[in-house]
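*Asks:* Let's see this in three dimensions:
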Amino acid sequence: MASSSQLTIFLTFLLLSLGLAMAEESTKKGDKKIDVIVEGIVYCQSCDRFGTWSLTGADPIPLAKVSVICKDHKNRVSFYKAFDTDAHGYFHAQLEGFKMRDYVLDHPLQSCHVKLVSSPLKNCNLLSNVNYGLNGSPLRYENKRVTGESYEAVIYAAGPLAFRPAQCPH
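*Replies:* Numbers count the residues shown, from 1 in each chain. Okay, the predicted model is just below:
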């Protein structure tokens with residue numbers, strides 16, 4: 001009887017020690033929540049710059065819609081979400097749920113692009129290919145991070161992107 005209670009105490013102690021060791025190891029590895037964020041600005045390209053990638057004289061478009069599309073290394077869509085710009089044409093797209101199955105092949109710099117979706121402006125709602133807005137503007141890493149004790153956000157840039165006017169005076 002004494003040996004079974006000693007065995008129970010020993011096993012309990014062993015399990016507690018193992019649990020504490022695993023908790024310490026995961027803390028050492030730094031189990032941080034890492035978010036991927038994409039930011040950029042959407043403009044209305046001025047008529048005198050039509051046919052170029054120039055945004056000289058362009059105005060930001062509030063409430064324009066862009067999409068972030070990520071594809072895995074087998075070219076399957078792994079993430080899609082549309083985002084609206086703010087009052088200054090700026091979008092801040094937190095890729096909630098984005099997962100990298102392969103760190104190199106599925107990395108956001110290789111796998112994600114931003115595309116123009118729609119403009120709320122009737123006089124500036126045609127898609128342009130400024131910075132590849134039609135086919136997908138690639139992401140750029142500009143060394144921007146937000147870090148905390150258990151949080152890290154890596155911020156990528158895309159664009160700037162632009163719609164163009166349907167009618168331009170000649």
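*Asks:* Identify the bridge partners of Phe163.
*Replies:* Beta-bridge partners for Phe163, by DSSP bridges, are Cys44, Leu127.
*Asks:* What count of nearby residues applies to it?
*Replies:* 25 (other Cβ atoms under 10 Å). C-betas here are computed from N, CA, C, even on glycine.
*Asks:* Provide a list of residues in contact with it.
*Replies:* Phe163 is in contact with 42-45, 61, 64, 116, 119, 121, 124-128, counting by Cβ atoms under 8 Å, 6 or more residues apart in numbering.
*Asks:* Show me which of those is closest to Arg76.
*Replies:* Here the nearest of these to Arg76, counting by Cβ to Cβ, is Leu116; it sits at 22.5 Å.
*Asks:* secondary structure element for that closest one?
*Replies:* strand 112-118 (DSSP states H and E).
*Asks:* From what I see, Pro138 and His113 are in contact.
*Replies:* Yes: the criterion here is Cβ atoms under 8 Å, and Pro138 meets it with His113 at 6.0 Å.
*Asks:* okay, these two: which has more neighbours?
*Replies:* His113 (20 against 17).
*Asks:* looking at it, the more buried one is touching Gly136, isn't it?
*Replies:* Yes: counting by Cβ under 8 Å, Gly136 is a contact partner of His113 at 2.8 Å.
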